[in-house]
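Visitor: fold the following.
(one chain, ligands or ions: 3)
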Amino acid sequence: MVDVRLSGLDDSVTREEVAAAAATKGGCAAEAVRVGEIRQSNTGMGTVVIKVPITAAKLLVRGRLLVGWVSARVDLLERRALRCYRCLEPGHCRAQCKSGVDRSDHCHRCGKPGHLARDCSAAPHCPICADAGKPAGHKVGSKNCSPPKKKKKGKPAAAGTPAAVPPPQGRGSGEDMDVTGA
Ligand SMILES: [Zn+2]
Ligand SMILES: [Zn+2]
Ligand SMILES: [Zn+2]
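Guide: Ligands and ions are numbered 1, 2, ... in the order given. Sure, this is the predicted structure:
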């Protein structure tokens, strides 16, 4: 399931209509579409985030979606797009940032402070991957970017954690090389 944002909705549109319209264009069942709360902007236009199967999302993002009387703008909200503007790491927004690193004045292209990515002609350099000791010759968040995911076993624990499954030892039946033969 992926998130798709519809914007420019008429204020009379219901969530059921949104689901039906998305299902029709996306070629999926209306039950497969999960519609969030429709929010009205101060211009009277509604915006809603829906969850649809990825196959439906691919169809939906081709052009606009007719919902009720209006054609809504369709934007795919990739998870990758959620990126903190402070530490530049993915998966959270600035308000939720707990990182000790503040890269908010750093260029998203070369990772150096003092200029914006659009003014940058330097070679791409990803500070996130550089800090993680990975290849860093790319922009932050580009498709080559693979910063470390949140590790569950990231504790500097000694070897042999009690939770680890012990390796199977001496199953017995596997040793058929020394079967008594001749
Ligand atoms: Zn952050
Ligand atoms: Zn730069
Ligand atoms: Zn990277």
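Visitor: end-to-end on stretch 92-99?
Guide: By CA to CA, to the nearest Å, the extent of stretch 92-99 from end to end equals 10 Å.
Visitor: to clarify, my last question referred to stretch 99-113.
Guide: In stretch 99-113, first residue to last residue: 17 Å (CA to CA).
Visitor: next, the buried residues of it.
Guide: By 16 or more other CB atoms under 10 Å, the buried positions in stretch 99-113 come out as R103, H106, C107, H108, R109, C110, G111. The way it works is simple: take the backbone N, C-alpha and C, and place the C-beta from them, glycine included.
Visitor: using TSV, please lay out those residues together with secondary structure.
Guide: Shown next, in TSV, are those (DSSP: H, G, I helix; E, B strand; the rest coil):
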residue	secondary structure
R103	coil
H106	strand
C107	coil
H108	coil
R109	coil
C110	coil
G111	coil
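Visitor: closest to T47 out of the residues you listed?
Guide: Closest approach to T47 among those (CB to CB): H108, at 25.8 Å.
Visitor: so what pLDDT did that closest one get?
Guide: Per-residue pLDDT puts H108 at 86.
Visitor: secondary structure element holding E16?
Guide: Taking DSSP states H and E as the definition, E16 sits inside helix 15-26.
Visitor: in that helix, what counts as buried?
Guide: Using 16+ other CB under 10 Å as the burial criterion, the residues of helix 15-26 that qualify are E17, V18, A19, A21, A22, A23, K25, G26.
Visitor: and the nearest residue to the third one once chain neighbours are set aside, how far from S12?
Guide: Here the nearest residue to A19 in space, its sequence neighbours aside, is V33; by CB to CB, 6 or more residues apart in numbering that works out to 4.4 Å. Distance, V33 to S12, using CB to CB, to the nearest Å: 19 Å.
Visitor: higher neighbour count, these two?
Guide: Using other CB atoms under 10 Å, the more surrounded residue of V33 and S12 is V33, with 24 against 10.
Visitor: pretty sure that one is touching G26, no?
Guide: Yes - contact criterion CB atoms under 8 Å: V33 and G26 qualify, at 7.3 Å.
Visitor: what touches both of those two?
Guide: Taking CB atoms under 8 Å, 6 or more residues apart in numbering as the contact rule, V33 and G26 both touch V52, A56.
Visitor: interface residues of this protein facing ligand 2?
Guide: If contact is defined as CB under 5 Å from the ion, the residues of the chain in contact with ligand 2 are C107, R109, C110, C120, A122.
Visitor: how about the second one, what does it touch?
Guide: With CB under 8 Å, 6+ apart as the criterion, the residues that contact R109 are A117, C120, A122, P124, H125, K139, V140.
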